[in-house]
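Participant: turn this into a model:
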Amino acid sequence: MSAVRTERHGRVLLITIDRPEVRNAINAAAAEGIAAALTELDSHDDLSVGVLTGAGKGFCAGMDLKAFLAGERPAVPGRGFAGIVEGPPAKPLIAAVEGFAVAGGFEIVLACDLLVAAQDAKFGLPEVRRGLLPGGGGLLRLPNRIPQALAMEWILTGAVVTAEQAHAAGLVNRLTPPGAALGTALELAQEIARNAPLAIRAAKRIAVEAPGWPAAERFARQQEIYEPVRSSEDAVEGARAFTEKRTPEWRGR
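Facilitator: Numbers count the residues shown, from 1 in each chain. Now for the predicted structure:
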């Protein structure tokens, strides 16, 4: 059986980590499966958004320690641990979390752009309690997603954080009843996917890259990405559809 399943929902690609018997822990096969799914998402023009979730009762418990001790390396060149933390997709990716997303599982969530979580979900980076560090991007991303002081508390205590706490901190986009995270994430993905595909991808790129640009160069660099979208057929179609009071028909060019 495959460690990762994919399923298309119109312009949305659903990616499921399918190892519920080990709490969806990441081994080499799971990392390679996630990486392949992200490549599929980015390389197909008829896909605009991805949703990443876990099978069974939880999202992901992190690295599969038994596989690691057996000599497996749960990473993919160019994408890092779990096939995602060092090389997320260019297109938007939503994490849909039920149950738990801890250690490397939480770092996978942080590599996604949006987060939908069930009210009883739990998050955490417990590595310091085991003499380790979160090496899959948690230390790099969490302080940029929630207030710095709160991120430091979560990191240095290794505490388990509830979905309600994560939502209050601004990390969770939509909080759902238990069992409803995936359905809500797919609805959010469809809402995004109704927009122009070139604009979606370019908007994510600017939002992700701009914080690292020198202040004096920000508008010039933004213009380099913006101009091809502004001069695209889709931009003309969007304006025409608005004036004609109809739904636009995007071509992705």
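
Participant: how much space is there between residue 47 and residue 148?
Facilitator: 35 Å (C-beta to C-beta, to the nearest Å). Every C-beta, even on glycine, is put in place using the N, C-alpha and C of the backbone.

Participant: the two: who's more crowded?
Facilitator: The residue with more neighbours, out of residue 47 and residue 148 and counting by other C-beta atoms under 10 Å, is residue 47; that gives 20 against 10.

Participant: isn't the more buried one up against residue 91?
Facilitator: Yes: look at residue 47 against residue 91 with C-beta atoms under 8 Å: they come within range, at 7.1 Å.

Participant: what's the overlap in contacts for these two?
Facilitator: In terms of C-beta atoms under 8 Å, 6 or more residues apart in numbering, residue 47 and residue 91 are both contacted by the residues residue 41.

Participant: and residue 116, which of the three is it?
Facilitator: What DSSP: H, G, I helix; E, B strand; the rest coil gives for residue 116 is strand.

Participant: mind checking how far it is from residue 101?
Facilitator: As for residue 116, its distance to residue 101 is 12 Å (criterion: C-beta to C-beta).

Participant: anything in contact with each of the two?
Facilitator: Going by C-beta under 8 Å, 6+ apart, residues that sit against residue 116 and also against residue 101 are residue 95.

Participant: for the longest helix along the chain, packing partners?
Facilitator: Ranked by residue count, the top helix of the chain under DSSP state H comes out as helix 28-43. Helix 28-43 makes packing contacts with strand 4-9, strand 12-17, strand 49-54, strand 75-76 when contacts are defined by 3 or more C-beta pairs under 8 Å, 6 or more residues apart in numbering; DSSP states H and E.

Participant: right, so of those strands, which gets closest to residue 229?
Facilitator: Across those, the minimum distance to residue 229, taken as C-beta to C-beta, is reached by strand 49-54, at 17.0 Å.

Participant: got the phi and psi for the spatially most central residue of the chain?
Facilitator: Within the chain, the residue whose C-alpha comes closest to the C-alpha centroid is residue 112; the distance, by C-alpha atoms, centre = their mean, is 1.7 Å. Note on residue 112: its backbone torsions stand at phi -90, psi 160 [degrees, to the nearest 10].

Participant: quick one, helices of the stretch 51-200 of the chain?
Facilitator: In the stretch 51-200 of the chain, helices defined by DSSP state H, counting those that start in this stretch lie at 65-69, 104-110, 138-145, 148-157, 163-168, 181-193, 197-209, listed in chain order.
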